[in-house]
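S.K.: Okay, here's the prediction I keep looking at, along with the sequence it came from:
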Amino acid sequence: QVQLVESGGGLVQAGGSLRLSCAASGRSFYHMGWFRQAPAKEREFVAAITGSGGTTNYADSVKGRFTISRDNAKNTVYLQMNSLKPEDTAVYYCAANPPVWGTTNPDFRSWGQGTQVTVSS
């Protein structure tokens, strides 16, 4: 089991940037992902990265604006978010260890507590 702690959320104006971090404890070479959940909406996939960091996957809504990366020496996964839009407002969750690489379902086995991202127009 891996414990995940997100940080880096906050309030930003549209067009701005934020970088989220997810610190993992325990075994950390899992595939990792970011999801988000807006009020009254289902949790949705944002991005994922393989354990080696060599392959990434993005939701169409964030492709070209967000970048997922990881530093295995620091047991940390990042989500760089640029050109933010009001519709990116949500609680962002870090997740680890999906049942299979490539899934965009929220069925990863470990989750962080979430960090709020609010984009004002």
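M.R.: Sure, I can see it. Just so it is clear, the model here is predicted, and its values are computed rather than measured.
S.K.: Surely Phe66 touches Asn82?
M.R.: Yes. Between Phe66 and Asn82 there is a contact under CB atoms under 8 Å: 7.2 Å. All C-beta atoms are positioned from the backbone trio N, CA, C, and that covers glycine.
S.K.: Look at those two and report which has more neighbours.
M.R.: With neighbours defined as other CB atoms under 10 Å, Phe66 and Asn82 compare such that Phe66 has more, 22 against 14.
S.K.: May I have the residues that are in contact with the more buried one?
M.R.: Contacts for Phe66 (CB atoms under 8 Å, 6 or more residues apart in numbering) come out as 46-47, 58, 79-82.
S.K.: Likewise for Cys22?
M.R.: Applying CB under 8 Å, 6+ apart, the residues near Cys22 are 4-7, 32, 34, 76-79, 94, 112.
S.K.: Show me how to select, in ChimeraX, the buried members of the residues you listed.
M.R.: One line in ChimeraX is enough to select the buried ones among those; burial here means 16 or more other CB atoms under 10 Å:
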select :4,6,32,34,76,77,78,79,94,112
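S.K.: Mind picking the two most distant members of the contacts of Cys22?
M.R.: The distance between the two most remote of these (CB to CB) is 15.0 Å, for Ser7 and Met32.
S.K.: Let me know the distance separating the most centrally placed residue in the chain from Glu87.
M.R.: Residue closest to the average C-alpha location in the chain (CA atoms, centre = their mean): Trp34, at 2.4 Å. To Glu87, Trp34 is 16 Å away according to CB to CB, to the nearest Å.
S.K.: And Leu4, by the same measure?
M.R.: Distance from Leu4 to Glu87, by CB to CB: 25 Å.
S.K.: Since that was my last question, I'll sign off now.
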